[in-house]
Each structure stands twice: as C-alpha cells, then as structure tokens.
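Asks: Model the structure of this input:
(chains A, B, C and D)
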2 protein chains.
Amino acid sequence: MDVEDDRPEIAVSTVIFALRTNERTSTPQPPTIWLPLVCRVRDPYDGSWALPGGPLRAREGLADAARRTLHETTGLTPKYLEQLYAFGDVDRSPGRRVVSIVYWAMVESEEAQRAKVGQNVRWLSADRLPRLAFDHNLIVSYALWRLRNKVEHSRIAHAFLGETFTLRELREVHEVVRQKGLDPANFRRQMEASDALVPTDGTRTGGRHRPARLYRYNHAIELVDSGPLSTSSG
Amino acid sequence: MDVEDDRPEIAVSTVIFALRTNERTSTPQPPTIWLPLVCRVRDPYDGSWALPGGPLRAREGLADAARRTLHETTGLTPKYLEQLYAFGDVDRSPGRRVVSIVYWAMVESEEAQRAKVGQNVRWLSADRLPRLAFDHNLIVSYALWRLRNKVEHSRIAHAFLGETFTLRELREVHEVVRQKGLDPANFRRQMEASDALVPTDGTRTGGRHRPARLYRYNHAIELVDSGPLSTSSG
DNA sequence: GCAAAAGTGTTGCTAATACACCCATGC
DNA sequence: GCATGGGTGTATTAGCAACACTTTTGC
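Replies: Here you go, the predicted model:
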C-alpha cells in the first residue's frame, strides 16, 4: 500500500440550522428546526442525503472552509458559525480514511428562504430525518444537542432572527429549540436582566393587538462565551 | 508545488492536567494544576516546550492516537480523556500545514507521580508557563478554561483522585480548579444532593481530627454529560 | 483537655416560577 | 365593544451562601 494514500484526508462539513414553518400545511403553525442537506451523486452513499461540506484546501482556515463549502452548495451566509467536533472513526467512510471537522451554523429565517434548493439541495426537518450518509445522523444529533444546550445558557437565539425582533419572536425561538412553552412575563424579565438586548425606537405592528417593541442584540458582550478562543481562530 | 505535499497533515495532541504540590517548597501547600510538556529536539521551535502528541496513523481513532502518543512520551494513563478542539489556522506551523486535533485529559495525582520525567519531559505549572511552541499557549489556555467551566457544571473532579476519596479531597480539587474557597458544609450538601457520590464503609484517618468517610464515584450517571456522543466516538 | 477537621442545623437572600391583572391595538 | 397579545405586579417556592453549632478523633 502506498504511504501517501494512507494519510488521512481532512474534510469540513457543517450542520446548518434554521427555523421554518412547514410549507405543506395551510393552517398556521409554529416553526420547527430544519437543515439543508445535499443529495450525494456518487458512491459511497450514492443517493443519500448528506451534510454540505468538502475537502479542506491547503491555504484555507477551518472556519473559512466551512463558510465556503456551505455557501457553494446552499448559497447561504450563516449568522453564527462555531466548530462542533472532529469526527475521525477509522471506518466512518467506506474505503477511505476521512477526518471531518464539523461546524454548526445558524441562519436567520429570511436568509433561509433565499437558499437555492433544487434536485440536489433540500431542507429537511431536524427531528424527522431519514437515514443519512456516513455518520451524519450522529453528527446532526450531537449538533442539535449542542444547540439546545447552548441556547439555554448563552445568548445566541437571536442568530435565528433578523437585525431587530420582538420579544415574542425571540421567545418563540427559545420555545421551539428548548421544546417547551415559556411564560411571556418571566421570559421578558430574564431577557431584560441579562443585558443581552437593547430596545429600539421601532415597534412591530400586526394582528389585532398592541404593537410590540423591537429589540436589537447587544454585541458588546459575547466575548465571554467561548473563552480564550475568539470566533475566528479555527 | 507538489499536490501531495499540499495536503494538510493531521496531528493529535493532548493537554494533560494533574494536581500536584510544588516539590521545591518545604512548607505544606495546597496543590495546583500542572501539565507534562515535551522539549522539542528539532526545528521548528527547537528547544521549546510543547504538548505531547504526534501524527495520526492511518488505522487509528482520534482518541486512540491521543492515548497512544501521551503514553509513549509520558508513560501516563489518563483517567479522563475528551476532545478539546481542532486547531487549523493556516500558518500555525511554520512551513507545513498541520491541523491538530487536541484532546484534554486528567490523571490522578498518584498516577502523575509515576510519570517518566527527564531531560525531555517535565511537569510545568499551568499558570506560570513559558512561551510554548506553535500555538500551544492558546491551546492550554482554552483547555484550562474548559476544565474550569466543566468542573462546575459536571461531575468530573473525581478524575484527579483515586478510586475512593474524602469530601475534603474532592473539595480541594474544586477549590484549586475553580480558584476559590468553598464552604465545607454547602459543598457536602451539593455533592450529596447530586447523586454523584456513593459512600463506602471505609474512612480515611490522618491528622488530629475525626476520620472522614470515603466516597466512591457513581458511574451509573455520566452518560448525560456529552449528549449523543459516548466517550468512545472520536 | 485542646486543636482541628468532620459533619449538622438554621437563617436569610436571590432567583425562578406561577398566575392575576391592566394596556393598547385591530376589527 | 371585545378578542388578542403586549406588558406589569406580586405571592410562593427552591436553591444557595453564610455561619453557628455539635461531634469525634490525635496528641
């Protein structure tokens, strides 16, 4: 066996999350977690759905590679991107040895609608996934677990929303991700106490009720979350 | 430039933590966090201290590689081992492109004393490190941050201790890692409430005071911490 | 006995919860 | 008006920190 071919390859993949409402149903429903997947067109796993990704280029950072590959396949620009885990089991890819550095990302709902879907790229519901290629079911499970964990103790839920948003919208993100209803009053107080939000002058009107104040995310804080690693250092 | 040489290499390194008392001082002192480092014997960074590690073999899992390389250089067998992060900045290694999958580990104090130190391997204090090779200072900082974060919300402190231990010993681990004194009474209650500990029949005697009950870690729980990833899947 | 750490009890503060209530808007 | 969600107030509860106190050992 050739020594060069023995060297493990490096690939970078990304689990991209967005909150979307199921278009198939006519009655209004709360959004759920969806992710764009790519249909493989060659073996192994020809015809299976897989995470967007690709090989790491020689002069390209890990996060850069994640951003590039997900943009190439989906056209999306994520609002949040973080390294998830390196998957490197010996036989996770039939025939070859591939170590995948996996990232996870969030895109806002508006951006998600701009994604170029088609025969080869499609949104699938995170909790009704078919059997995916490679170990990608495990990867998505872990990414979901991380998302749910992080959203409780961190201030990242806004990454699913636009520049400004109402407290109701932010609460809905939390409710969908954490899979349980939250008291509007208590949620408001927690957010106000956390210093994560800055009220704007605007309000969102719609529906037959009092208009809701629009808030903006307070970017002056987020340094705390990832410790010594800034968001860049991949 | 040759295409084969352009492909990024994969290395696996490990930040190994142990609690040790400084041998140089005669007066008894509380332990602090130490880690074994390897002195490099060739460029780049010839003569600098670096994390134990090495290239990933073709038919070897990531965690296996971490376990192997740290054992080869230090002789240690860690009680806890977890993936930390993949570091892959383009120019983190002069001349070559290396992506390092870094693990972090804890060894119990007794095991730490069995480590084979010498000219090339030495224990250094985690908060008084010199300038290390590559980006290893950043890596150690991040590992420390992770250790300190995880020890508060998780049940891993026992990994610094032997099979059985007193509440005082466990509390000392927390105090050293979290860098602050803890109330013995409240600490006891928290541990008892957490179900993480199982009391044994034994007691530890020593010093002129009442013997302390020995506890054992309750292994029936730990599944929760890492979510869908069991400790094996690297 | 006395020092020192093991172990127990009590109190008060803070934060999270549950839920009652008023406010402002669209229809 | 009236339904609906926006927004405020408040009582109850759970958890945690502080600290006084009792117990049991070595010397």
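
Asks: only C-alpha atoms for contact and neighbour calcs from this point on.
Replies: Fine.

Asks: Return the set of buried residues in the helix ranked longest in chain A.
Replies: Secondary structure of chain A per DSSP state H: the longest helix is helix A:136-153. The neighbour-count check on helix A:136-153 (16 or more other Cα atoms under 10 Å in any protein chain shown) flags A:136-137, A:139-148, A:151 as buried.

Asks: Same check on stretch A:179-189?
Replies: Buried residues in stretch A:179-189, counting neighbours by 16+ other Cα under 10 Å, are found at residue A:187.

Asks: contact partners of that stretch?
Replies: A:167-168, A:171, A:175 (Cα atoms under 8 Å, 6 or more residues apart in numbering or on different chains).

Asks: next structured bit after the helix-or-strand element of chain A with minimal mean pLDDT?
Replies: Every helix and strand of chain A was ranked by mean pLDDT, DSSP states H and E. The lowest is helix A:3-6, at a mean of 59. Following helix A:3-6 in sequence order, the next helix or strand is strand A:9-20 (DSSP states H and E).

Asks: What mean pLDDT does that following strand get?
Replies: Averaging pLDDT along strand A:9-20 yields 97.

Asks: other SSEs contacting that strand?
Replies: Packing partners of strand A:9-20 (3 or more Cα pairs under 8 Å, 6 or more residues apart in numbering or on different chains; DSSP states H and E): strand A:32-39, strand A:53-55, helix A:62-74, strand A:98-106, helix A:109-113.

Asks: So which bits of the third one are buried?
Replies: For helix A:62-74, the neighbour count (16+ other Cα under 10 Å) marks A:62-71, A:73-74 as buried.

Asks: and of the helices and strands packed on strand A:9-20, who's closest to residue B:35?
Replies: strand A:98-106 (26.5 Å; Cα to Cα).

Asks: Who does the closest one pair with, and is each partner parallel or antiparallel?
Replies: Using DSSP bridges, the strands paired with strand A:98-106 are strand A:9-20 (parallel), strand A:80-87 (antiparallel).

Asks: Next to DNA strand C, which bits of chain A? Give me the list.
Replies: A:183, A:185-186, A:190, A:205-211 (Cα under 7 Å from any atom of the strand).

Asks: Let's see that with 10 Å instead.
Replies: A:153, A:181-191, A:193-194, A:203-212 (Cα under 10 Å from any atom of the strand).

Asks: Could you report the neighbour count for the nearest residue to residue A:150 once chain neighbours are set aside?
Replies: In space, not counting the residues next to it along the chain, residue A:150 is nearest to residue A:156; the distance is 7.7 Å by Cα to Cα, 6 or more residues apart in numbering or on different chains. Close neighbours of residue A:156, defined as other Cα atoms under 10 Å in any protein chain shown, add up to 20.

Asks: Then the one 10 residues further on?
Replies: The local packing of residue A:166 (other Cα under 10 Å) involves 19 other residues.

Asks: and the gap between it and DNA strand C?
Replies: 15 Å (Cα to the nearest atom of the strand, to the nearest Å).

Asks: Tell me what that residue is bridged to.
Replies: Here residue A:166, judged by DSSP bridges, has bridge partners residue A:214.

Asks: so what's residue A:27 scoring on pLDDT?
Replies: For residue A:27, the pLDDT comes out at 64.

Asks: next one: residue A:185
Replies: The model's pLDDT for residue A:185 equals 97.

Asks: Just to be sure, it is in a helix?
Replies: Yes. Using DSSP: H, G, I helix; E, B strand; the rest coil, the assignment for residue A:185 is a helix.

Asks: and the closest residue to residue A:217 other than its chain neighbours, backbone torsions?
Replies: Closest residue to residue A:217 apart from its sequence neighbours, by Cα to Cα, 6+ apart: residue A:197 at 4.8 Å. The phi and psi values for residue A:197, taken as degrees, to the nearest 10, are phi -120, psi 150.

Asks: and the gap between residue A:197 and residue A:210?
Replies: 21 Å (Cα to Cα, to the nearest Å).

Asks: now residue A:103
Replies: Here residue A:103 is placed at a distance of 40 Å from residue A:210 (Cα to Cα).

Asks: Look at those two and report which has more neighbours.
Replies: When neighbours are counted by other Cα under 10 Å, residue A:103 and residue A:210 differ, and residue A:103 comes out ahead with 24 against 10.

Asks: who's in contact with the more buried one?
Replies: Residue A:103 sits next to A:12-15, A:63, A:66, A:81-85 when contact means Cα under 8 Å, 6+ apart.

Asks: State the number of residues packed around residue A:157.
Replies: If you count neighbours by other Cα under 10 Å, residue A:157 ends up with 21.

Asks: ok, back up a step: just the residues of chain A next to DNA strand C that are near DNA strand D?
Replies: Contacts with DNA strand D within the residues of chain A next to DNA strand C, counted by Cα under 10 Å from any atom of the strand: A:183-189, A:203-212.

Asks: Which ones among those residues map onto helices?
Replies: Among those, DSSP H puts A:184-189 in helices.

Asks: Which two of these have the greatest separation?
Replies: A:184 and A:189 (8.7 Å).

Asks: how about JSON lines for the strands paired with strand A:98-106, with mean neighbour count added?
Replies: Shown next, in JSON lines, are those (neighbours: other Cα atoms under 10 Å in any protein chain shown):
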{"stretch": "strand A:9-20", "mean neighbour count": "25"}
{"stretch": "strand A:80-87", "mean neighbour count": "20"}
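
Asks: Much appreciated, bye for now.
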